[in-house]
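>>> next comes the sequence, and after it the predicted model I'd like to discuss.
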Amino acid sequence: MKQEFEKYTKEDGAVWSLLFKRQVKNLKQLACSDYLESLDYMQEVLNPTEIPNFEQINKWFKKSTGWEIYCVPGLIDVADFFDLLAEKKFPSSTWLRSKDKLDYLEEPDMFHDIFGHVPLLSNPVYSNFVHEFGKLGKQYKGNHQLVMELQRLYWFTIEFGLIFEKGEPRIFGAGIISSFHESISCLSSKEVTHLPFGLDSIIQTDFCTSELQQTYFVIDHLEQLETAVTSLSNKLQHELEYSGKSI
């Protein structure tokens, strides 16, 4: 599958520009500096004036952290997802929401995948975290317990993670970054709970995919994510050695 760039319409371009400009304005005081700096760093290939061209983005990444945008038709199997991340390929849809559905989607579109996820992949620390996350998932994808724990870690960091910056929580998770309403409510709503990042807590916490989150975990710095993957890997290895089992 490949991106058929020539098939995007003027309306698609207008929707992309509207979403991009609206969310950049919204995120100025809400998103973490690492994300905002990464978005600015990639403005040559990721901006509001044109729909992102995956081929151009991939060429850009060859000079940066080596990632590649890999086209998928929609949500993919978790095992395939791990395999792609382990190869530094980030899966992305090529379709874009319509004007009458700017704020509600049943599954991620290109704005979520590219605007939400891709910029931070140019950050070396975050890039390494996602890559190691994928390699761990690929190595142990036959271990159902670990897969569940990795899905929870993914959900509460890559998708809906917050990070402390100057003593206040800021957004870095793509699910929040790409959502106009949740990017506001996650920091200001009295109904949400902010918890300090803890690997043991996260891998034991269920999540819901069909509504705004009520619980967010807040990391102190991006390096904490790399440490979490290493700790999870060591934890699993210790458990396997203790039990005498293999995956």
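Happy to help now that I have it. Please read these numbers as outputs of a predicted model, since none were measured by experiment. Numbers count the residues shown, from 1 in each chain.
>>> for the protein, which segments count as strands?
Along the chain, counting by DSSP state E, strands occupy 68-71, 89-92, 162-165, 168-171, 193-196, 215-219.
>>> got JSON lines for these, with mean pLDDT, mean neighbour count and distance to Phe129 too?
Bear in mind the C-beta positions are built from the backbone N, C-alpha and C, glycine included. Below are the strands of the chain laid out as JSON lines (pLDDT from 0 to 100; neighbours: other CB atoms under 10 Å; distance: least, CB to CB, whole Å):
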{"stretch": "strand 68-71", "mean pLDDT": "98", "mean neighbour count": "19", "distance to Phe129": "17"}
{"stretch": "strand 89-92", "mean pLDDT": "98", "mean neighbour count": "20", "distance to Phe129": "13"}
{"stretch": "strand 162-165", "mean pLDDT": "97", "mean neighbour count": "20", "distance to Phe129": "12"}
{"stretch": "strand 168-171", "mean pLDDT": "97", "mean neighbour count": "18", "distance to Phe129": "17"}
{"stretch": "strand 193-196", "mean pLDDT": "97", "mean neighbour count": "12", "distance to Phe129": "18"}
{"stretch": "strand 215-219", "mean pLDDT": "97", "mean neighbour count": "20", "distance to Phe129": "11"}
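>>> closest one to Glu239 among the ones you listed?
Across the strands of the chain, Glu239 has its closest neighbour in strand 215-219 (22.7 Å, CB to CB).
>>> in its sheet, what does that closest one sit against?
Partner strands for strand 215-219, per DSSP bridges, with pairing direction: strand 162-165 (parallel), strand 193-196 (parallel).
>>> would you put the C-alpha positions of it in CSV?
Extracted in CSV, the C-alpha atoms of strand 215-219 (Å, rounded to 0.1, in the frame of the first residue of the first chain):
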residue,chain,number,x,y,z
THR,A,215,-6.5,9.3,34.4
TYR,A,216,-3.1,10.5,33.1
PHE,A,217,0.4,9.6,34.1
VAL,A,218,3.0,12.4,34.2
ILE,A,219,6.7,11.7,33.5
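>>> contacting residues around it?
Strand 215-219 is contacted by residues 156-157, 160-164, 169, 186, 192-198, 201-202, 205, 225 when judged by CB atoms under 8 Å, 6 or more residues apart in numbering.
>>> same deal with stretch 4-22?
By CB under 8 Å, 6+ apart, stretch 4-22 touches 47-55, 94, 96-99, 102, 110-111, 115, 180.
>>> nearest to Phe133, of the strands of the chain?
strand 89-92 (11.7 Å).
>>> now distance to Lys59 too, for the strands of the chain, in a markdown table please.
Below are the strands of the chain laid out as a markdown table (distance: least, CB to CB, whole Å):
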| stretch | distance to Lys59 |
| --- | --- |
| strand 68-71 | 10 |
| strand 89-92 | 15 |
| strand 162-165 | 30 |
| strand 168-171 | 28 |
| strand 193-196 | 39 |
| strand 215-219 | 31 |
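>>> nothing else from me, thank you.
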